[in-house]
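Participant: sequence and predicted structure are below.
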Amino acid sequence: MTGATGYIGGRLVPQLLDAGYAVRCLARTPVKLRDHPWVDQVEVAPGDVLDADAVGAAMRDVEVAYYLVHALGTGAGFERTDRAAARTFAEQARAAGVRRIVYLGGLTPQGVPVDRLSPHLRSRAEVGRILLDSGVPTTVLRAAVIIGSGSASFEMLRYLTERLPAMVTPSWVRTRLQPIAVRDVLRYLVGSAAMPPEVNRSFDIGGTGVVTYRDMMQRYAAVAGLPKRVIVPVPVLTPRLSSHWVGLVTPVPASVARPLAESLRHEVVCHEHDIAAYVPDPPGGPLDVDTALRLALQRVRDAQVTTRWTSASVPGAPSDPLPTDPDWAGGSLYTDEREAAVDASPADLWKVIEGIGGEHGWYSFPLAWAVRGWLDRLVGGVGLRRGRRDAERLRIGDSLDFWRVEEIDRGRLLRLRAEMRLPGPAWLEMRADTDDSGRTRYRQRAVFHPRGLLGHAYWWSISPFHSTVFGGMARNIAQAANRAGGTGGTSAGGTSSHDGGKGRAS
């Protein structure tokens, strides 16, 4: 299984386990799987899909190999990477004697030349062809819009509909498409593992009913109990412009929204349902659009979203998480350190720390955090609106507004890595600790590694606001812990240590 840390893969693993399969996950960053409830039931192999040796080692004794990795992006570089990864995967699967490859791709319109497709759809189609030509029997499942709690397509639809009772929209809202519920996608993926060896082909998969994107927005409004939306399509919003429009209104950044919008330029409906011969339909058939929307929305409202589109890294963000303080060779590291005494238990303090962000906010100067999020969106970043997967519990790899959870030592440490656009990588650490006398202390550290002169200028330009933002954050988190512990006390204020200009040489 590749892509186990992603939206589909993270849901497919437990389904395969329930079906009685033994599962091995290939993960570039295995620590991201640490907090998944099923991790103790699988074997984890470290490696990247571009590393032939790692892929080959992971393929040993494997009967079915799932290829669930994609790069949401545009441009020749993105397509080259997808092509190279697919070829590596195909070659190693054949060398290892794998019985079947299963790939989830995109539904492509009939009669449209390949060079007219969006880069995203074109690349997915090419990956499918590479796997089908691998010499290993391959199942390519081609889906259009996937509706499920936490999917990028559902989040885009949800926020557009909820936030804009009246809207001027791109012309692609009139394009016909055939959405599919994520539970039907998972059912087809699990069933594909048992296909007979003579099957080597692609299958169109979709739910019951063909709609336009405009129809879906109106149907979502009805399911959510909202008034009917006023939607006026105009031809002037290109995919690039509309992706920025989506990025400003929804949590989906323009870098992700653009390939989604470009994929909606063409009609994407199923032209066959041959998959039913190998994976029989459930009673009543696949879910219809209204039912899929209702189930996804209920999951969101019940805070039972198991994976989100943000589980995957965002294009343009810093690359892999670093599990420890970086040992920067010859560089400077700027830090801002704060701490405060807490009149509550470490457990009460930890509850506040782990609940930070999302609806709870960041405990200091909300306008400053909001402005920073808006600025990040304007330059194509993720902004603050990604929120949280779960309102109370975090796990490694979770997105948290414009941060990503890099490390959790539950009850003691939460380390976040910045995914906003910055001239250098940044981290924020929060600790629930005790001092020598056994009293609870909150310790907080912001870390920034400047990249070039711009990075140093950025740090110095925001340093005057640190006392308000970071100092207020430490005080307010301590006070929130006091309230959670029922002490009603006020934090002792604590001390502040800020090395600002000196940084730390390493």
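Facilitator: Alright, I've got the coordinates. Predicted model only: the values in this text are computed from it and were never measured.

Participant: run a quick neighbour tally on Asp61.
Facilitator: Residues lying near Asp61 (other C-beta atoms under 10 Å) number 9. From N, CA and C alone the C-beta is placed, and that goes for glycine too.

Participant: which residues touch it?
Facilitator: Counting by C-beta atoms under 8 Å, 6 or more residues apart in numbering, Asp61 makes contact with nothing.

Participant: the strand or helix carrying Pro233 - contacts with which helices or strands?
Facilitator: Secondary structure assigned from DSSP states H and E places Pro233 in strand 230-234. Here strand 230-234 touches strand 166-170, helix 213-223, going by 3 or more C-beta pairs under 8 Å, 6 or more residues apart in numbering; DSSP states H and E.

Participant: now do that strand against helix 213-223, angle only.
Facilitator: 170 degrees (axes from the mean of the first three to the mean of the last three C-alpha atoms, to 10 degrees).

Participant: picking up where we left off before, redo the helices and strands packed on strand 230-234 as a markdown table? Include distance to Phe465.
Facilitator: Converted to a markdown table, the helices and strands packed on strand 230-234 look like this (distance: least, C-beta to C-beta, whole Å):
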| stretch | distance to Phe465 |
| --- | --- |
| strand 166-170 | 35 |
| helix 213-223 | 39 |
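
Participant: which one of these lies closest to Lys351?
Facilitator: Of all the helices and strands packed on strand 230-234, helix 213-223 sits nearest to Lys351, with 33.4 Å by C-beta to C-beta.

Participant: for that closest one, enumerate the helices and strands it packs against.
Facilitator: Using 3+ C-beta pairs under 8 Å, 6+ apart: helix 213-223 touches helix 152-163, strand 230-234, helix 289-301.

Participant: switch to 10 Å and redo it
Facilitator: Applying 3 or more C-beta pairs under 10 Å, 6 or more residues apart in numbering; DSSP states H and E, we find helix 213-223 packed against helix 152-163, strand 166-170, strand 176-177, strand 211-212, strand 230-234, helix 289-301.

Participant: roughly how far is it from the heart of the chain?
Facilitator: In terms of C-alpha atoms, centre = their mean, to the nearest Å, the centre of helix 213-223 is set 24 Å apart from its chain centre.

Participant: picking up where we left off before, make JSON lines out of the helices and strands packed on helix 213-223 and add mean neighbour count.
Facilitator: Listed next are these as JSON lines, based on neighbours: other C-beta atoms under 10 Å:
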{"stretch": "helix 152-163", "mean neighbour count": "21"}
{"stretch": "strand 166-170", "mean neighbour count": "16"}
{"stretch": "strand 176-177", "mean neighbour count": "20"}
{"stretch": "strand 211-212", "mean neighbour count": "19"}
{"stretch": "strand 230-234", "mean neighbour count": "13"}
{"stretch": "helix 289-301", "mean neighbour count": "19"}
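
Participant: compare these and report which one is nearest to Pro251.
Facilitator: In terms of C-beta to C-beta, the element of the helices and strands packed on helix 213-223 nearest to Pro251 is helix 152-163, at 5.9 Å.

Participant: give me the angle between that closest one and strand 166-170.
Facilitator: Relative orientation of helix 152-163 and strand 166-170, computed by the same axes, to 10 degrees: 140 degrees.

Participant: contacting residues for Ala481?
Facilitator: If a contact means C-beta atoms under 10 Å, 6 or more residues apart in numbering, then Ala481 has 340, 342-353, 432, 440, 442, 487, 489, 491 as its contacts.

Participant: out of those residues, which are buried?
Facilitator: 340, 342-346, 348-353, 432, 440, 442, 489, 491 (16 or more other C-beta atoms under 10 Å).

Participant: please flag which of those sit within helices.
Facilitator: Judged by DSSP state H, these include 346, 348-353 as members of helices.

Participant: among those, give me the pair with the biggest separation.
Facilitator: Pro346 and Val352 (10.9 Å).

Participant: identify the contacts common to those two.
Facilitator: Overlap between the contact sets of Pro346 and Val352, as judged by C-beta under 10 Å, 6+ apart, is given by 432, 442, 481, 485.

Participant: let's verify Gly373: helix, strand, or coil?
Facilitator: Three-state assignment for Gly373 (DSSP: H, G, I helix; E, B strand; the rest coil): helix.

Participant: what's the closest non-adjacent residue to it?
Facilitator: Leaving aside its chain neighbours, Gly373 sits nearest to Leu384 (3.2 Å; criterion: C-beta to C-beta, 6 or more residues apart in numbering).

Participant: could I get the full set of strands for the stretch 251-400 of the chain?
Facilitator: Here the stretch 251-400 of the chain has its strands, by DSSP state E, counting those that start in this stretch, at 334-342, 399-400.

Participant: any idea how far the first one is from the middle of the chain?
Facilitator: Taking C-alpha atoms, centre = their mean, one finds the center of strand 334-342 at 30 Å from the center of the full chain.
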